[in-house]
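> okay, structure incoming, though there's no sequence with it:
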């Protein structure tokens with residue numbers, strides 16, 4: 001399923017992309033097969049155990065955070081980090097000229113921001129500068145002539161580029177020339193202009209300025225709300241949300257992990273960090289109460305629809321009790337498995353081939369049934385689903401079953417059954433069919449413990465479990481059972 005069906009489906013899909021897009025993707029080899037037909041674009045969820053990164057949360061792993069960042073960037077209201085009660089408003093070009101004139105005799109460079117942390121060589125940006133008779137640019141903080149950067153930038157690194165529109169002393173510059181320079185900078189910079197004065201920089205914006213301190217701001221970008229991005233991460237805690245010794249929340253970001261810009265964008269009355277303190281159900285309820293202006297509704301509705309779909313999938317998989325800011329490293333194996341599945345199942349796609357490699361691993365039968373119901377939903381939405389499974393509950397939930405065997409290793413590799421599940425149960429002659437039909441117990445009832453020694457456990461509570469006391473028999477096989485997320489791992493590992 002993976003080495004043939006998925007590999008060939010992925011190769012054919014990538015072959016449909018443009019030559020420009022394919023240059024960023026490793027070329028895939030053709031699988032060793034005679035023919036394969038009618039294969040849709042595939043999505044494969046591999047079976048593997050992994051340790052989430054220290055920055056991974058329920059929101060980031062489920063991709064809810066990606067859509068929240070988009071929603072905040074497109075529909076959020078921006079406030080000044082230095083004056084949290086002041087909403088960002090517009091500033092006229094004349095007012096910007098007056099602010100720049102106040103630098104007096106100080107030598108400045110007037111810059112037009114044209115690229116903000118975007119990957120690429122940006123050759124066209126430098127060619128446009130030369131055509132416009134702009135003789136100096138600043139690239140990633142370094143000043144130089146446009147020609148010297150034509151072949152200098154790394155394609156896969158993010159770069160920031162500004163045109164130097166004027167180098168002057170505003171107090172002695174002719175007023176009409178200063179006005180022309182500012183208007184040119186605002187035009188080239190999309191309504192924003194930078195003043196570089198020695199070691200200090202000042203941003204001015206026609207659309208986004210604090211009415212109190214006159215500080216300007218760039219248009220919000222999803223990167224401003226990402227603690228995995230150098231543009232959005234808190235410069236003090238570097239995205240961990242805690243102080244250096246880890247004993248308390250970061251004093252700069254308050255535990256949000258974001259820099260001042262990201263923390264100053266609100267949706268309604270809430271920041272993105274505050275919304276991530278909710279669980280999926282409560283966040284969905286809040287989002288469904290929002291209304292947006294007509295001018296941005298066509299942009300917001302697709303984002304909001306996908307976001308609500310992601311949250312609904314988390315609920316259907318039984319993860320509605322997890323708050324979205326919870327660290328993934330604190331989750332149980334079953335919770336982590338369902339979270340991985342939710343990220344793949346939460347999209348409103350159709351005509352896709354989903355391949356799941358043992359999705360039942362680590363799941364309680366109750367939780368596995370929730371996953372299977374969502375898998376059936378994928379099929380009802382016009383998708384095809386292939387599951388690689390050993391679990392009888394999962395096999396019996398399918399429409400069609402293929403068994404490879406008859407044994408393992410050198411004794412495998414043959415198709416020993418290929419047909420409907422109902423026929424497999426009534427007519428199948430394989431070891432798997434016999435085992436599923438059998439009602440005999442797998443093991444005899446265990447003997448009573450031979451030792452009276454016990455282990456006493458007392459805990460004040462952690463994650464999903466509260467304070468409790470219990471006694472366990474020693475020199476015995478003790479099983480800790482329960483649905484996923486009940487607190488088994490927290491009880492055993494602490």
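Done, it's in. Please read all numbers here as calculations on a predicted model, not as lab measurements.
> so which residues make contact with the longest helix seen in the chain?
Longest helix in the chain by number of residues, with DSSP state H as the criterion: helix 294-316. Contact partners of helix 294-316, identified using Cβ atoms under 8 Å, 6 or more residues apart in numbering, comprise 58, 62-64, 67-68, 70-71, 74-75, 280-281, 283-284, 287-288, 290, 292, 320, 322, 339, 342, 345-348, 370, 373-374, 377. C-beta here means a position set from N, CA and C on the backbone, and glycine is covered the same way.
> now the helix or strand that that helix is followed by against helix 294-316, angle please.
Using DSSP states H and E, the helix or strand that follows helix 294-316 in sequence is helix 333-345. For helix 333-345 against helix 294-316, the angle by axes from the mean of the first three to the mean of the last three Cα atoms, to 10 degrees is 140 degrees.
> could you list the low-pLDDT ranges of the stretch 201-350 of the chain?
The model of the stretch 201-350 of the chain has pLDDT under 70 over residues 246.
> run the last query once more with 90
Scanning the stretch 201-350 of the chain for pLDDT under 90 picks out the ranges 230, 242-248, 293, 295, 329-337, 343-344, 346-349.
> pLDDT of stretch 411-427, averaged?
For stretch 411-427, mean pLDDT rounds to 91.
> and it, end to end?
End-to-end distance for stretch 411-427, by Cα to Cα, to the nearest Å: 22 Å.
> in it, what's buried?
By neighbour count on 16 or more other Cβ atoms under 10 Å, the buried set for stretch 411-427 is 416-417, 421, 424.
> what's the closest of those residues to residue 182?
Distance to residue 182 across those (Cβ to Cβ) is lowest for residue 421, with 72.8 Å.
> for residue 266, give me its contacts.
76-77, 79.
> at 10 Å instead, please
72, 76-79, 84, 87, 272, 274-275 (Cβ atoms under 10 Å, 6 or more residues apart in numbering).
> most neighbours out of those, which is it?
Using other Cβ atoms under 10 Å as the neighbour test, the contacts of residue 266 are led by residue 272, with 25 neighbours.
> go ahead and confirm it touches residue 253.
No - counting by Cβ atoms under 10 Å, residue 272 stays clear of residue 253, with 11.8 Å between them.
> what's the overlap in contacts for those two?
Common contact partners of residue 272 and residue 253 (Cβ under 10 Å, 6+ apart): 262-263.
> give the helix, strand or coil label for residue 52.
At residue 52, secondary structure determined by DSSP: H, G, I helix; E, B strand; the rest coil is coil.
> report how many residues lie close to residue 256.
For residue 256, the tally of surrounding residues (other Cβ under 10 Å) stands at 24.
> now, which of the contacts of residue 266 lie within strands?
77-78 (DSSP state E).
> which one of the contacts of residue 266 is nearest residue 469?
Lowest distance from residue 469 to the contacts of residue 266 (Cβ to Cβ) belongs to residue 274, with 36.3 Å.
> what sits against residue 24?
If a contact means Cβ under 10 Å, 6+ apart, then residue 24 has 17, 119, 155-156 as its contacts.
> one more: residue 367?
So residue 367 contacts 317-319, 334-335, 337-338, 360, 483-485 (Cβ under 10 Å, 6+ apart).
> what helix or strand is it located in?
For residue 367, the host element (DSSP H and E) is helix 365-380.
> next SSE downstream of that helix?
strand 384-388.
> ok now whatever helix or strand residue 8 lives in, how far from the chain's centre?
For residue 8, the enclosing helix or strand under DSSP H and E is helix 7-15. The chain centroid and the centroid of helix 7-15 are separated by 24 Å under Cα atoms, centre = their mean, to the nearest Å.
> show me what that helix is packed up against.
Judged by 3 or more Cβ pairs under 10 Å, 6 or more residues apart in numbering; DSSP states H and E, the packing partners of helix 7-15 are helix 19-22, strand 42-45.
> so what strands line up beside the last one?
Read it as strand 42-45. Strands that pair with strand 42-45, judged by DSSP bridges, come out as strand 353-357 (parallel).
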